[in-house]
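K.L.:
Here is the input, now give the coordinates:
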Amino acid sequence: MEIKAAVLSVCVISAVKFIIGQTAGGLKMKDQLKTMLDILLAVVLITPFVSGVFHFELPEISAYEFEYSDTQQEIYNKALAQQTAGNVEDILSQQISAAGIELKNISAEVNISSDGSISITKVTVTTEDFEAASVIVKNSIGWETEVINGSGEEFAETAEG
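P.N.:
The predicted structure follows:
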């Protein structure tokens, strides 16, 4: 019922405003009357929302922002890990080739922790001289890095050096 009253009020105020605009051509207070009717019209339009007839809520934006930013962070971390792995693979392949070892394939596994630190945890090398290639990888990256033979033979380096 209140909605009908609001619509009727808007119509009446609009009609009165139109009539005053047409008939009060020379009145000094024409602009003041129009301003008062504009304010009254605004009050009539706002009243249903304030009194609770129309109930609306804005969605909680923070929940969407966190999900979106988490996804963006994950995408960034994946891209960074791929780029870093590619760079490590290029450098290691250059070093192994410079040592005179024929390299068939190399791949590096890069992890990015929650604090943003990058670690190279595993390198897979496919070559005829795996032992020598493994030593070059460990000397370059660190002896804690796991080096796996891509051709299936295992090599465990225990000496540091």
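K.L.:
When you work out contacts or count neighbours from here on, use the C-alpha atoms and nothing else.
P.N.:
Will do.
K.L.:
quick one, what contacts Met36?
P.N.:
Residues counted as contacts of Met36 (C-alpha atoms under 8 Å, 6 or more residues apart in numbering): none.
K.L.:
pLDDT weak spots in this protein?
P.N.:
Scanning the chain for pLDDT under 70 picks out 1-2, 24-27, 48-70, 152-161.
K.L.:
all helices for it, in order.
P.N.:
Counting by DSSP state H, the chain has helices at residues 2-23, 30-51, 61-98, 130-141.
K.L.:
tell me which strands and helices the first one is in contact with?
P.N.:
Counting contacts by 3 or more C-alpha pairs under 8 Å, 6 or more residues apart in numbering; DSSP states H and E, the secondary-structure elements packed against helix 2-23 are helix 30-51.
K.L.:
so how far is the helix it packs on off the chain centroid?
P.N.:
How far helix 30-51 lies from its chain's middle: 43 Å, per C-alpha atoms, centre = their mean, to the nearest Å.
K.L.:
tell me which residues of it are tucked away?
P.N.:
Residues of helix 30-51 classed as buried by neighbour count (16 or more other C-alpha atoms under 10 Å): 33-34, 37, 41, 44, 48.
K.L.:
Show me which of the residues you listed is closest to Gly100.
P.N.:
Pro48 (83.2 Å; C-alpha to C-alpha).
K.L.:
looking at the helices of the chain, which is buried most?
P.N.:
Comparing the helices of the chain by mean neighbour count (mean count of other C-alpha atoms under 10 Å), helix 130-141 comes out on top with a mean of 18.
K.L.:
Next, give me the two most distant ones among the buried residues of helix 30-51.
P.N.:
Once C-alpha to C-alpha is applied, the buried residues of helix 30-51 give Leu33 and Pro48 as the farthest pair, at 24.0 Å.
K.L.:
which one of the buried residues of helix 30-51 sits closest to Lys4?
P.N.:
Lys4 lies nearest to Pro48 out of these, by C-alpha to C-alpha, at 10.6 Å.
K.L.:
if I pick Leu92, what's in contact with it?
P.N.:
The contact partners of Leu92, taken as C-alpha under 8 Å, 6+ apart, are 136-137, 140.
K.L.:
follow-up on the earlier one: would you turn the helices of the chain into a markdown table with distance to Gly150?
P.N.:
Listed next are these as a markdown table, based on distance: least, C-alpha to C-alpha, whole Å:
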| stretch | distance to Gly150 |
| --- | --- |
| helix 2-23 | 75 |
| helix 30-51 | 69 |
| helix 61-98 | 14 |
| helix 130-141 | 9 |
